[in-house]
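A.B. asks: sequence first, then the predicted structure, then my questions.
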There are 2 protein chains.
Amino acid sequence: MTKETDESIMVPAAVIKRLPKYHRYLEELLNEGREKISSQQLGEIVGVSAPQLRQDLNYFGNFGQQGYGYNVKKLYNSLAEVMGIQQKSNMVLVGVGNIGQALVNSRDFEKRGFYLSAIFDTNPKLIGLEINGLVVKDVVELKDYIAENDINIGVITVPASSAQEVANQMIKAGIKGIWNFSPVDLKTPPNIQVENEHLTEGLLRLSFKVKEE
Amino acid sequence: MTKETDESIMVPAAVIKRLPKYHRYLEELLNEGREKISSQQLGEIVGVSAPQLRQDLNYFGNFGQQGYGYNVKKLYNSLAEVMGIQQKSNMVLVGVGNIGQALVNSRDFEKRGFYLSAIFDTNPKLIGLEINGLVVKDVVELKDYIAENDINIGVITVPASSAQEVANQMIKAGIKGIWNFSPVDLKTPPNIQVENEHLTEGLLRLSFKVKEE
DNA sequence: TAGATTGTTAATCGATTAACAATC
DNA sequence: TAGATTGTTAATCGATTAACAATC
């Protein structure tokens, strides 16, 4: 038994955090028609050191070529695959309040392959309403909908008080990941992935930094 | 000349990131009527180790008492002061689109002392419109408004293509911090603080983690 | 006073950077 | 081939954890 018990070496959280940024800048470069780039150059653009960039990339494969650098298109596609952008994934959203509606209306993520399949709320005044092509469903239908429609990501945009309950239902119905906008740290089993958007925390950090100056 | 050139030791970014979370959980404890808590107990609730919590807090002062622990109310207030929540601060928001409107409507941050003073857009259809008590102003008035109204934080919720330009204007007018929702890394002088809410990056990280499972 | 728990120094761990051999 | 730049190992740096003396 070698030490290769796991399929792959665990990727540090710090590396995962940087991946979307690499992807975003590569997209820009691609749109500018750039063909090749060195770790030195890309690092400067993104704001990381060249060795760090190479280290990060090499967690996922050898995307470069000695003496040449990286092919922008190839690297962009490789990162997209690493992040699971290639295969489209379906999401549900619960909580059609301010942020919920903003997400439903913008649907910025659809061009990245994340489709909003259905939206839910408990408010009778909202249920039945159509927002940007989606009819608000009653949250009592949530579990069945997830189970029957190949949904793997749930978006939570409800008030803090009901976020955990919504998460529980999503998990029971078989969701794999939760994109959480409620100012709550959800309790979830280890096989469920959670990404928090705690907006107010961002503002408090900003305030601290401004004050510190 | 001692090594105490700086007023205080630089606080690591990792510590700053955790502060709002401490604050949030202390608020909960306060609401539950909790009077005292040990670093051990608070650490468990927040999800950090007890020594780490003590280390973090001691960047800002000695808030505890040996043999006793921390007084919840006192610690809560101390952290609020550290983060600059005590003195109220005024903000402007530019970009009354989906997320912009959501922020204007919710104004969750007002109970933390962050007041939205004015909102701006370039769209003639939006200018003059009233949203949750605030009339949308023309962005040409932005600079003068900031300069004349003791504004120290600017919120950017415009499309990526105009984010840098808006930031430039804010900075010229004397803003201290930028809360940026545009998927762009703003170029700013070192005395300007920036906090990014790159929502799509969060979704991509989530996708990666789901795929990795 | 004895027990508890902080504040703080020292040890460990992990992540970043430097260096360079491999190789296109 | 010579020059360039990757992939990767080793060195450094910073952040977390352990340990314990200080003290309430």
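C.D. replies: Noted; the coordinates are in hand.
A.B. asks: max-length helix in chain A?
C.D. replies: Counting residues, the longest helix in chain A under DSSP state H turns out to be helix A:13-31.
A.B. asks: what about that one, distance to the chain center?
C.D. replies: Relative to its parent chain, helix A:13-31 has a centroid offset of 13 Å by Cα atoms, centre = their mean, to the nearest Å.
A.B. asks: what mean pLDDT would you report for that helix?
C.D. replies: For helix A:13-31, mean pLDDT is 97.
A.B. asks: would you mind listing the buried residues in it?
C.D. replies: Neighbour counts over helix A:13-31 (16 or more other Cβ atoms under 10 Å in any protein chain shown) mark A:16, A:18-26, A:29 as buried. Backbone N, C-alpha and C define where each C-beta goes, glycine included.
A.B. asks: what lines up beside the helix or strand just after it in the sheet?
C.D. replies: Downstream of helix A:13-31, the next assigned helix or strand under DSSP states H and E is strand A:36-37. In the sheet, strand A:36-37 lines up against strand A:69-71 (antiparallel) (DSSP bridges).
A.B. asks: and the strand it pairs with with DNA strand C, contact?
C.D. replies: No: interface with DNA strand C: strand A:69-71 contributes nothing (Cβ under 7 Å from any atom of the strand), its closest point being 10.3 Å away.
A.B. asks: give me the residues contacting that strand.
C.D. replies: Applying Cβ atoms under 8 Å, 6 or more residues apart in numbering or on different chains, the contact partners of strand A:69-71 are A:35-39, A:41-42, A:57, A:63-65.
A.B. asks: ok, and which of those reach DNA strand D?
C.D. replies: Answer for the contacts of strand A:69-71 near DNA strand D (Cβ under 7 Å from any atom of the strand): A:38-39, A:57, A:63-65.
A.B. asks: touching DNA strand C at all, the longest helix of chain A?
C.D. replies: Yes: legend: contact between helix A:13-31 and DNA strand C by Cβ under 7 Å from any atom of the strand is shown at A:13-15.
A.B. asks: from the residues you listed, which single one is nearest chain B?
C.D. replies: Distance to chain B across the residues of helix A:13-31 next to DNA strand C (Cβ to the nearest Cβ) is lowest for residue A:13, with 9.1 Å.
A.B. asks: ok, longest strand in chain A?
C.D. replies: strand A:114-121 (DSSP state E).
A.B. asks: so which elements touch it?
C.D. replies: Applying 3 or more Cβ pairs under 8 Å, 6 or more residues apart in numbering or on different chains; DSSP states H and E, one finds that strand A:114-121 contacts strand A:89-94, helix A:98-106, strand A:134-138, helix A:142-148, strand A:151-156.
A.B. asks: before we move on, back to that, widest-spaced pair of the contacts of strand A:69-71?
C.D. replies: Using Cβ to Cβ, the two most remote members of the contacts of strand A:69-71 are A:35 and A:57, lying 17.7 Å apart.
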